[in-house]
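Student: Coordinates only, no sequence provided:
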Ligand SMILES: [Zn+2]
């Protein structure tokens, strides 16, 4: 990943910044130009709570380059409290303990180390909620 793209995506990755449509009120993540719910112009920017629940998940045993050290790991589709579905790695849990519908929350963790330049990318993962809301 090039540096410019890294910085452009930084606020999405660290702050879970999406949008709330000013026309229909639906939450949108990741941010986009046009609201997928009503077709009007999307925005303004809204920060997601980081709370959600596991909608579905899969366990990765043969990871892509850069992720080998973490395998096996679980990747989930998380339904955010605000509504959008996002794909994220689960952390701080054994794959055998993951259940559909379990409450999870966002944490910022190391995602991968890039090649020989050693650029480490951080971003969001989800872990089981420590306290139920
Ligand atoms: Zn809309």
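Tutor: That came through fine. These numbers come from a predicted model, not from an experiment.

Student: Residues of this protein that sit close to the ion?
Tutor: Where the chain comes near the ion, counting by Cβ under 5 Å from the ion, the residues are 21, 23-24, 35, 37-38. From N, CA and C alone the C-beta is placed, and that goes for glycine too.

Student: Select, from those, the two members most distant in space.
Tutor: 23 and 37 (8.7 Å; Cβ to Cβ).

Student: Bridge partners for the most centrally placed residue in the chain, pull those for me.
Tutor: Among the residues of the chain, the one closest to the centroid is residue 88, at 4.2 Å (Cα atoms, centre = their mean). Legend: beta-bridge partners of residue 88 under DSSP bridges are residue 76.

Student: Hmm, it is touching residue 76, no?
Tutor: Yes - checked against Cβ atoms under 8 Å, the pair residue 88 and residue 76 is within contact range at 6.2 Å.

Student: Need the overlap of contacts for those two.
Tutor: Shared contacts of residue 88 and residue 76, defined by Cβ atoms under 8 Å, 6 or more residues apart in numbering, comprise residue 126.

Student: before we move on, back to that, just the buried residues out of the residues of the chain next to the ion, in PyMOL syntax.
Tutor: Typed into PyMOL, the line below selects the buried ones among the residues of the chain next to the ion, using 16 or more other Cβ atoms under 10 Å:
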select buried, resi 21+35
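
Student: Redo the residues of the chain next to the ion as a markdown table? Include pLDDT and secondary structure.
Tutor: Formatted as a markdown table, the residues of the chain next to the ion follow (pLDDT from 0 to 100; DSSP: H, G, I helix; E, B strand; the rest coil):
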| residue | pLDDT | secondary structure |
| --- | --- | --- |
| 21 | 96 | coil |
| 23 | 96 | coil |
| 24 | 97 | coil |
| 35 | 96 | coil |
| 37 | 95 | coil |
| 38 | 97 | coil |
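
Student: Verify the stated contact: residue 125 with residue 90.
Tutor: Yes - with contact defined as Cβ under 8 Å, residue 125 counts as touching residue 90 (6.7 Å).

Student: how about the strands in the chain?
Tutor: For the chain, strands defined by DSSP state E occupy the ranges 17-20, 27-28, 45-47, 51-60, 73-80, 85-89, 103-114, 119-128.
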